[in-house]
Each structure stands twice: as C-alpha cells, then as structure tokens.
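**Q** sequence first, predicted coordinates after that:
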Amino acid sequence: MNNRRFGDRLATGLFWLAGAVILGILLFYLIFIFWKGINVLTPHFLLSPPKEVAAGGGVGPELFNTFYILFLSLLFSLPVGLGAGIYLAEYARSNRLTYIVRLSTESLATVPSIVLGLFGMIIFVNAIGLGFTILGGAATLALLNLPVLVRVTEETLRAVPFSYREASLALGATQWQTIRRVILPACFPGLITGVTLVAGRALGESAILIFTAGLSVSRHAFDFNLFVPGETLAVHLWYVNAEALAPDKDAIAAGTSALLVLVVLIFNLAIGLPSRLLQRRLTGNK
Amino acid sequence: MTSTKISVQSLNLYYKDFQALKNVNLEVEENQVTALIGPSGCGKSTFLRTLNRMNDLIEGVRVDGVILLDGRDIYRPDVDVVNLRKKVGMVFQRPNPFPMSVYDNVAYGPRIHGEKNKRKLDEIVEKSLRAAVLWDEVQDRLYKSALGLSGGQQQRVCIARLLAVEPEVLLMDEPTSALDPLATLRIEELIQVLRNDYTIVIVTHNMQQAARVSGVTAFFLNGDLIEYGNTDVIFTRPADQRTEDYITGRFG
Amino acid sequence: MDLAMRIKKKKSKATMTSISMSLQLRYDRFFKFVFFGSAAAVSLVIFTIILFVAFQGLQTFKEASALDFFINTTWSPPAHYGIFSFIFSSFATTLLALLIGAPLGLAGAIFMAKIAPQWVRDVLRPATDLFVGIPSVVYGWIGMTIFVGIIRDNIGGSGFGVLAAGTVLSVMILPTVISISEDSLRALPQSLEEASYALGANRWQTIRRVLLPAASPGLLAAVILAMARAIGETMAVQMVIGNSPQFPASLVLPTATLTSWIVVEMGNTPFGSTINNALFLMAFTLLGLSMATILLVRVVVRRRMV
C-alpha cells in the first residue's frame, strides 16, 4: 500500500519536473537570445544595409524582404489553401477523390522544406530561368504554407456546429451563402489564429529560400521589384554564420537572432489579441 | 372549409440499407397544427425533415414516393430546393441562433434573399420579433449577440428569424425539448397565435404538449404511420391498440 | 377573401424571388467549382514535386550505379557518389534526438493533459507554441554558440557532429511530440479514467495501465511525425554537424546528413551536372522517407479504429 502511494508521488514529481524542464529550456533559450542580441538592435542596425567585409553592417533590406516575401507567399497560398479547406469541410463526400486530396495534403505537409526549396529551384530558377528572385522564393514558400492552411481551415470550419448550417439552409440559403455569411464569420477568429501560425513558420523559414530567393539583396532600399534576389533575416543569419567575413559577424548573428524571435513574438501578440477579443464579441460574453 | 397544404403519398425513406419510413400517407391541412408523436427512433423527425428536404444533407439517404406542396411534387428533380425551404421553414430541437446580433439573426433570411434596404430590414426585424412575442424583451439589445439570451429567448429568435422569410409552413422539431417549463409555455402560446397564419407541423415527445397545441395528431411507430386524425379522437378513442398503449404510457 | 388575397400576394412574391434565386444558384455552383479547383490544385502540387525531383535526381544513374549510390560510404565525385554516410548520419541524429526528446515530450504531454492545474497549462500551452515559432536557424545558432563549445570542452573533438545535431534536434521536436500526444490523451473518454479510479487505482496506475495503452497509437504517431521532422530538418543541423562527407565513426566527428550536404554542395555545383543531379537524388530519397512516414502513421492510426 505504501509502495503504491510512493510510486504515485514519485511519478507526479517526475511529471512536474518534465513540465519544468520544458519551460526551463524555453526560458533559457529566450533569455540567451535576448541577452546576446538585444543591445545590437539599434536603429542603425535595423535600417542600414549589410556589409560584406567591413564592420557596422545592418539588416535593413533583410527585414524588409522578410515581410515582403511573407506577404507575397500568403497572397499566393491563402486563396488556394482556404478554398481547399472549405472544400474538404463543406463539400467533400467520403469517396476516393476526397481520400486522395487528404492524403496528398498530408504528404505535402511532411515534405522537408529543403526538398520544396529544390523543387522551387528547378521550376523558377532553371526551368523558367528567372534566377534567384523574390517572386520565386515567395511562390515556393507558399507551398510550405498550403497544407497547414488547408488543415487549419478544415478543422476550424468543422468546429462550427452543424446546427448553424441546418438553420441557414432551412431558411432557403444556398450553400455558398451559408459559408460566406454564417460559417466563415463564425470561424474568423480561428482562421486568424491559423494564419498567424502559418506566418510565424514562414517568417523563420530559410532552407526553402536559400536556393530560390538567394543570398543577396537589392542595392535599392525597399525594392518592391519581384525579379531581384531577396535575402531574408533567417537566410542572413545562416549566411553570416556560414560564410561572412565581417569582423563583427558574431554580434550581427546575435542581433539577427534576437530580431527574428522578437518579430515572431510581436506577430503572435499583435494578431492573436484582436482575434480573441472578436471571439468574445461573437459569443456574447462580457 | 379546410384545404390540404401538403399531401404525402406512399413515402418510403431508406438510410443506406435501413428503411426508416414505410409507405407513409398523410394529408397536412392548411392553417392547422399537426403534431407528430411516437417513441424515439420511430421516424417522426425523419418524416418532418422530408417535408423541406433537409434529409438531402445526409449522405446515404434515399427517398421514394410523392410529397405534394400546394399540389406540386417537391421531390421532382427540377424543384429549386432553396425556394422550397423558403416556403417550408424549420425550427430545430436546440435553439440554434447564429453567433451574430439578434438583429443580424432575424435579418439573415431577408438579406440572403436579396433585401438590402435598411429601412425595410428594420421593419421586417421588428415585425418578426413582435410576431414571435419577443420584441419587448430584446428591443434594447438588438445589436448584441443572440447567444447571450436565455434558451427560451434564443428559440424565439430562431422562430422570428424563420418568420422573417415569410414561409407558409413551419416545421418544428421538438422545439421545446431543451427548454424549461416556463419557456415551453411561452413557445406553446406562440404556436397558438401562429396557427392563424401558418400551417404548422410539430414533432413532440411530450403528449400533453401535443394535446394542448395541435388539432391533428399522427402517431408513428418503427417507421410506420399507425394512424392520424383529430387530436381529441386520437387521445380519447384511438382506433389502434398500439396508439392507445403509447398514449397511456404503456411503452416508449 | 382575405386569405385568398394573402396567398395570391405570396405567390407573386415567390416567382419574383425565384428569378434572383437562379442567380444565387449560379453563384453557388461557381464557388463550389472554385473550392473543388483549389482542392485539386493542392493535390496536384505533391505529384508535381515528386515528378520533377525524381526526373532530375534519377539522371544521376546515367553515370553512377544505384548500388554504389546507396551503399557506398565514399563521396568523392566523379569516382564515387556514395551517400550511405549521409543516410546513416541522418538516422543517427534523428535517433539521438528521439532518445532525448521523445521521453521528455511524452512526459510533458502527460503532465499537461492529466496532471497540471489549469494555470500551469495556460502557461505551458503558449510556451510549446513558441518552440514552433523559433526559426530553425536560431536553433542552429544557439547550437553553435552553446552546445558545440560545451561538447568540445567536455567530450572532445571539434564539438561539431552527430551529438551536437541530435541535441539541437531534440528540442526542436518537442512541440510535435507534445501537441500530438497531448491531443490523443485528451481524446480518451473520461469514462476510462473514472472506471480505473472507481476500482481503487491511483493516478499513476491509471495513467500507466489505462491511459497510455489506450492512447498508444496516437503517441506512436507523435513519435513518428517527430522523426519525420528531425530527418527533414536542414539549417539547424547544417550549422552544427561539421559538414564533412565522412562516416560518423564517433558522435563528435564532423559529418554530414542528407539535408545538410545538399545545402553545402548545391551552391558549388552547376545545374545538370551529375554531382548536382546526385543532390536531387538525395532530395528524392528524403521525399521517399517522408512519404513512408505518412503511410506508417496511417497504418498506426487506423489500428486504433479497429
């Protein structure tokens, strides 16, 4: 009897320890990242272009490219991802075709990003012959977003009670009207959360972009040209570690790491909060 | 004096291999409340859902037979289901208001059917909420989420939402099963008012409710329509032994 | 009279709306088509990827033998295109990551699903999400600046190698392990737990003898998917593995995995050359591995249904 109680206590203690270790690792990582990098984050660092061999380079163009490519990749993947998710949740019957769609979406989700990068390279860099471009990078990055968007959309839509659909259809609405006016508004907060998740992942992606968007930046500040190479923050961090010659490359790497994590954090807070507020308004809680 | 609104002739419904309705024949009179009673799983809700083809939404359902609404078969392939459901509206077991304001809930139907004029919509919303005897309770919170209302109020929002599309027939699938006795009473009173303007078919588990609100009662058992007729007759002198057993509580 | 008039009014209205309705029905059909098209497009993507990568990669065999490619440990083009060292290193780092990350992640999932009080859960849930948010290059950078130094000073070698990569990966797979196994633990019916408690079992006994066996297909799926994540991870591994095309005879010897070697060589070789094609063949091998995991997960999860 005592043995049993001891076992239970011991196990409980170990599980608490596991939780603490997981949280501890995260805190340690975050503190380390910011402790190393936060004082590098000066306005000069955030705005000026990188330098190849001299000290004092910044990450201005990389910061811009990061958001530009993210925006474009969402532009390409959102319509298709949402559309496919809606199809699976609202229209798909359980037949062979649906099975294939599901299986291929799942498969796409597990394709390693380096393989997606090589695929993008075959298509955009070599077959179409664009070379390394922002367009090619964003389009390939869209492939990373797609399966997650499909899954998030389908899951969010499925969480909407069937009774909403019944009620709307029983009022003589078409299926499209039901989706647009009832289902999508009801799951808007969930979709926003899903898109944030996707965006956070795409923000930090590098393996896809090295061989599609390239390792260099345009000489013009804030170049919206789709057909120039566009190195992002994450790619820059890798490049600085691997090949840069600048004497202050350790500081630049630390600063870029801190900036990347900061951007991800801000992104989650900035988009997560309003959607939670909206959720409250929809459900009528005070 | 009474005329037939819906005429059901030799209706069979199969769910995959299971036959849920067996050769049902029934006439629903205009401006009358028809109650469908019977034990759980007897097919009464399934039958109700054939009247506005809500069963179309369920995979694996096959229907044969004829259902005439104003003399026109609603299962003919060229029938516009959307138009049918506009004429034959439905209230569900659990109140299912959309996660929107009370106003947007009631205005939903008119909007999807093309009404954009704000003044006209205001009018329809007020008229429908008044018809559902809810106006006084919600007029100062029209723009707040309908999910914040009580269960009984939510059900009346659903009824108002339905009235706003001006249906001719109201199908009610155990509309009070999720409500407390007081809210149930309010809904029953509402049904009494609505019978003057609409043809109502109501499924209920509650025998007293059937006796209180309906003029005609139909008794279902295992997918068969055992008998139907004037409610007083069914409840006092049923023709079939099984009806009597059910009503006196000997099973179900 | 009055009734007749009302019916007449309604009839005229019905025909009017049926005109606007047919427009609505056309919209309805149009959007159904659009949604179906999107779904078809998504499915098409994976087939296109397989096709293109395979086409490019299989051209390697014009100059190299398949047997040599998969079982030879020597990568010295143009004489030998052997990728066995890379495959071996990929599995070694993955296995090491699973040895550390899977037990920790499973314990964390059990803690979050069954033991932690609500407020602890509210802290841990966003914390595990943050693990996903940290970019893999940042994991790699942390590995370079912390783990590599520690390994060099305490264990030996240059610090780069399978040990460093496995350690970095063990943290990166935590969110995958935790979220999927927590979901499958939560999906268990409450009645299972109640039944066990009612028989006088304590919490640990209930977890070990009832909940874990019942959730085992989901837990296994979590580990398999974490494995797929670890094998496919590129940048973090590339930064700490040492990037030397040799067999990892020890955990602290610089080596290279399938993914990391693609990154190293892709920039230096011209498109269309045999050595470049060999890199695509390595990518195709990775693709095959990830397809295999998907099928494996399907088999594992289906067993639960039966």
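**A** Ah, there it is.
**Q** just the element for the spatially closest residue to C:V120 that is not a sequence neighbour, please.
**A** Nearest residue to C:V120, sequence neighbours excluded (CB to CB, 6 or more residues apart in numbering or on different chains): A:G19, at 6.7 Å. Any C-beta I mention is one placed from the backbone N, CA and C, and that applies to glycine too. Using DSSP states H and E, A:G19 sits in helix A:2-37.
**Q** that helix packs against which elements?
**A** helix A:249-283, helix C:84-110, helix C:118-133, helix C:136-142, helix C:174-186, helix C:203-206 (3 or more CB pairs under 8 Å, 6 or more residues apart in numbering or on different chains; DSSP states H and E).
**Q** give the buried residues for stretch C:150-169.
**A** C:151-152, C:157, C:159-169 (16 or more other CB atoms under 10 Å in any protein chain shown).
**Q** tell me how far the ends of stretch A:229-248 are from each other?
**A** 24 Å (CA to CA, to the nearest Å).
**Q** and if you look at stretch A:199-207?
**A** Note: stretch A:199-207 ends 16 Å apart using CA to CA.
**Q** let me see the mean pLDDT of it.
**A** Model confidence over stretch A:199-207, given as mean pLDDT, is 91.
**Q** check the buried residues of stretch C:150-169 against chain A, which are close?
**A** Checked against chain A using CB under 8 Å from any CB of the partner chain, the buried residues of stretch C:150-169 yield no neighbours at all.
**Q** hang on, the earlier thing: next SSE after the helix holding A:G19?
**A** As assigned by DSSP H and E, the chain's next helix or strand after helix A:2-37 is helix A:43-47.
**Q** show me where the stretch 151-286 of chain A dips below the pLDDT cut-off.
**A** Residues of the stretch 151-286 of chain A meeting the criterion pLDDT under 70: A:219-221, A:272-276, A:278-286.
**Q** just give me the neighbour total for residue 62.
**A** You didn't say which chain, so I picked chain A. Neighbourhood size, A:E62 [other CB atoms under 10 Å in any protein chain shown]: 24.
**Q** you looked at the wrong chain, it should be chain C
**A** Neighbour tally, C:K62, other CB under 10 Å: 8.
**Q** is it true that it touches C:T274?
**A** Yes - using CB atoms under 8 Å, C:K62 is in contact with C:T274, at 7.2 Å.
**Q** would you mind giving the buried residues of stretch C:150-169 as a markdown table with secondary structure and distance to A:G57 added?
**A** What follows is the buried residues of stretch C:150-169, written out as a markdown table (DSSP: H, G, I helix; E, B strand; the rest coil; distance: CB to CB, whole Å):
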| residue | secondary structure | distance to A:G57 |
| --- | --- | --- |
| C:I151 | helix | 30 |
| C:R152 | helix | 29 |
| C:G157 | coil | 32 |
| C:G159 | coil | 27 |
| C:F160 | coil | 26 |
| C:G161 | coil | 31 |
| C:V162 | helix | 34 |
| C:L163 | helix | 33 |
| C:A164 | helix | 28 |
| C:A165 | helix | 29 |
| C:G166 | helix | 33 |
| C:T167 | helix | 31 |
| C:V168 | helix | 27 |
| C:L169 | helix | 31 |
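**Q** nearest to chain B among these?
**A** Of all the buried residues of stretch C:150-169, C:L169 has the smallest distance to chain B: 42.2 Å, by CB to the nearest CB.
**Q** residues touching B:E59, list them.
**A** Applying CB atoms under 8 Å, 6 or more residues apart in numbering or on different chains, we find B:E59 in contact with A:R93, A:S94.
**Q** and it, helix, strand or coil?
**A** Secondary structure, DSSP: H, G, I helix; E, B strand; the rest coil: B:E59 is coil.
**Q** measure it to A:A173 for me?
**A** Distance, B:E59 to A:A173, using CB to CB, to the nearest Å: 20 Å.
**Q** and C:V171, by the same measure?
**A** For C:V171 relative to A:A173 (CB to CB), the value is 49 Å.
**Q** which one's more surrounded, these two?
**A** A:A173 (27 against 24).
**Q** could you find the closest non-adjacent residue to that one?
**A** Among residues not flanking A:A173 along the chain, B:I112 sits closest, at 4.7 Å (CB to CB, 6+ apart).
**Q** mind listing what's buried along stretch A:117-135?
**A** For stretch A:117-135, by 16+ other CB under 10 Å, it's A:117-125, A:130, A:132-135.
**Q** in helices, which of these appear?
**A** A:G117, A:L118, A:F119, A:G120, A:I134, A:L135 (DSSP state H).
**Q** need those in a markdown table (columns: distance to chain C and pLDDT).
**A** Output for those, formatted as a markdown table (distance: CB to the nearest CB, whole Å; pLDDT from 0 to 100):
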| residue | distance to chain C | pLDDT |
| --- | --- | --- |
| A:G117 | 8 | 95 |
| A:L118 | 5 | 95 |
| A:F119 | 5 | 96 |
| A:G120 | 10 | 95 |
| A:I134 | 19 | 92 |
| A:L135 | 17 | 94 |
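**Q** would you list the residues you listed in TSV and tack on distance to chain B?
**A** Formatted as TSV, these follow (distance: CB to the nearest CB, whole Å):
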residue	distance to chain B
A:G117	41
A:L118	41
A:F119	37
A:G120	39
A:I134	40
A:L135	39
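**Q** just flag the most distant two among those.
**A** Maximum pairwise distance among these (CB to CB): 18.4 Å, between A:L118 and A:I134.
**Q** the spatially closest residue to C:V123 that is not a sequence neighbour: how many residues sit nearby?
**A** Computed as CB to CB, 6+ apart, the closest residue to C:V123 that is not its neighbour in sequence is A:L23, at 7.0 Å. Counted with other CB under 10 Å, the neighbours of A:L23 add up to 16.
**Q** contacting residues around A:L23?
**A** C:V123, C:L124, C:A127.
**Q** with C:A256 instead?
**A** Going by CB under 8 Å, 6+ apart, C:A256 touches C:S85, C:F86, C:S89, C:I241, C:G242, C:N243, C:S244, C:P245, C:Q246, C:V264.
**Q** returning to what we had before: looks like the residue nearest to A:A173 contacts A:I179 (just checking).
**A** No - checked against CB under 8 Å, the pair B:I112 and A:I179 is beyond contact range at 11.7 Å.
**Q** residues touching B:R119, list them.
**A** Per CB under 8 Å, 6+ apart, neighbours of B:R119: none.
**Q** pull the distance from the helix or strand hosting it to the chain's centre.
**A** For B:R119, the element it lies in under DSSP H and E is helix B:118-131. How far helix B:118-131 lies from its chain's middle: 22 Å, per CA atoms, centre = their mean, to the nearest Å.
**Q** and if you look at stretch A:204-224?
**A** The answer for stretch A:204-224 is 17 Å, by CA atoms, centre = their mean.
**Q** go on, stretch A:236-253?
**A** 24 Å.
**Q** in that stretch, what counts as buried?
**A** Using 16+ other CB under 10 Å as the burial criterion, the residues of stretch A:236-253 that qualify are A:236-241, A:244, A:246, A:248-253.
**Q** over to stretch C:188-204?
**A** Buried, per 16+ other CB under 10 Å, within stretch C:188-204: C:L188, C:E193, C:S196, C:A201, C:N202, C:R203, C:W204.
**Q** what do you get for stretch C:57-76?
**A** Quick answer for stretch C:57-76 (16+ other CB under 10 Å): C:G57, C:Q59, C:T60, C:F61, C:A64, C:D68, C:F69, C:N72, C:T74, C:W75.
**Q** from chain A, how far out is the residue nearest to B:V66 when sequence neighbours are not counted?
**A** Spatial nearest neighbour of B:V66, excluding adjacent residues (CB to CB, 6+ apart): B:Q9 at 4.4 Å. For B:Q9, the distance to chain A equals 24 Å [CB to the nearest CB, to the nearest Å].
**Q** dihedrals phi and psi, B:Q9?
**A** phi -130, psi 120 (degrees, to the nearest 10).
**Q** can you count the residues close to it?
**A** 14.
**Q** pull the contacting residues for it.
**A** Contact analysis of B:Q9 by CB under 8 Å, 6+ apart lists B:N25, B:G65, B:V66, B:I67, B:L68.
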